[in-house]
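K.L.:
quick one, what's the 3D model for this:
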Amino acid sequence: MTRLVDLSVVTRHTPSEATPVTVELLDHRTGATVLGLAPEDFPDGMAISNETVTLTTHTGTHMDAPLHYGPFSGGSPAKSIDQVPLEWCLGPGVRLDVRHVPPGEGITVAHLRTALREAGHELGPGDIVLLWTAADELWGSAEYLTKYPGLTGEGTAFLVEAGVRVIGIDAWGLDRPMQSMIEDYRRTGDQGALWPAHVYGRTREYLQLEKLAGLAALPAATGFTVVCFPVAVAGAGAGWTRVVALVEEPEGPAEEDPVAGR
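P.N.:
So this is what the prediction gives:
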């Protein structure tokens, strides 16, 4: 039996989003007038509704395409979200427990190696890695924007060079919080402090899943499949994504046929 585990947040206006989300509702009665009819012309005095939503492609659970990181990746034009191969968006999931990494700090290669060892897993081509920080517990609050660790550039290279095409995180972004990176840059003048995980995508193409949720609901670090098909927004660097884990569970014992048992 396959159990579906939703790993996505609900797209809505919330202090956890850096940009606003607006939803303009065309209700069931008003919808009739848009069609040049009256509500009474429809069964139950109601037509059909519609919504106009204004948001960024990075709102809610979403996938970042290589184009988001820069115009080129590995010397070739970077793929937009509508050019992402669908084959990359379905694969064996690997949940890496990095909950012990403090907010604002970097998730290093050493952290990843330890998490892989604890998971009893060796990375392979097509693995979809999900970084479990537990930052999703802050979803709905402004703290969600600033209290989480982020993947280092070296950590990103480690995963991608092992064959990983998709890296996800249950936090606002894959890199460290913006303020942490900007403070480091202003203190040191080192450009490498700014969005190193994203910038690595200019060297080798890969995809990010940001604002995941519910990784604690997965029964184990491995043994599940991740499905993460993005909305194909033409020419965009990201697209909204409903991320779901498929967990295979054993069937319960078959009920005895009362007739056959006689």
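
K.L.:
and E249, what pLDDT?
P.N.:
At E249 the predicted local confidence, pLDDT, stands at 87.

K.L.:
assign the most centrally placed residue in the chain to helix, strand or coil.
P.N.:
For the chain, the residue nearest the mean C-alpha position is L209 (3.0 Å; CA atoms, centre = their mean). Three-state call for L209 (DSSP: H, G, I helix; E, B strand; the rest coil): strand.

K.L.:
can you pull out the helices in the protein?
P.N.:
For the chain, the helices defined by DSSP state H occupy 30-34, 66-69, 109-119, 153-160, 178-188, 196-200.

K.L.:
give the buried residues for the helix or strand of the chain with the lowest mean pLDDT.
P.N.:
Least confident helix or strand of the chain, by mean pLDDT, DSSP states H and E, is helix 30-34 with a mean of 94. Buried residues in helix 30-34, counted by 16 or more other CB atoms under 10 Å: G31, A32. Every C-beta, even on glycine, is put in place using the N, C-alpha and C of the backbone.

K.L.:
hmm, who's touching that helix?
P.N.:
Contacting residues not belonging to helix 30-34 are listed as L26, A38, P39, D41, F42, M46, A47, I48, S49, N50 [CB atoms under 8 Å, 6 or more residues apart in numbering].

K.L.:
are any of those buried, and which?
P.N.:
Among these, the ones that count as buried by 16+ other CB under 10 Å are P39, F42, A47.

K.L.:
how many neighbouring residues does the closest residue to H68 other than its chain neighbours have?
P.N.:
In space, and not counting its chain neighbours, H68 is closest to G237: 3.3 Å by CB to CB, 6 or more residues apart in numbering. Residues near G237, counting by other CB atoms under 10 Å, number 19.

K.L.:
separation between T14 and T59?
P.N.:
10 Å (CB to CB, to the nearest Å).

K.L.:
now the common contact residues for these two.
P.N.:
The contact lists of T14 and T59 share V21, where a contact means CB under 8 Å, 6+ apart.

K.L.:
buried ones in the longest strand anywhere in the chain?
P.N.:
What stands out as the longest strand in the chain, according to DSSP state E, is strand 90-97. Judged by neighbour count using 16+ other CB under 10 Å, the buried positions of strand 90-97 are G91, G93, V94, R95, L96, D97.
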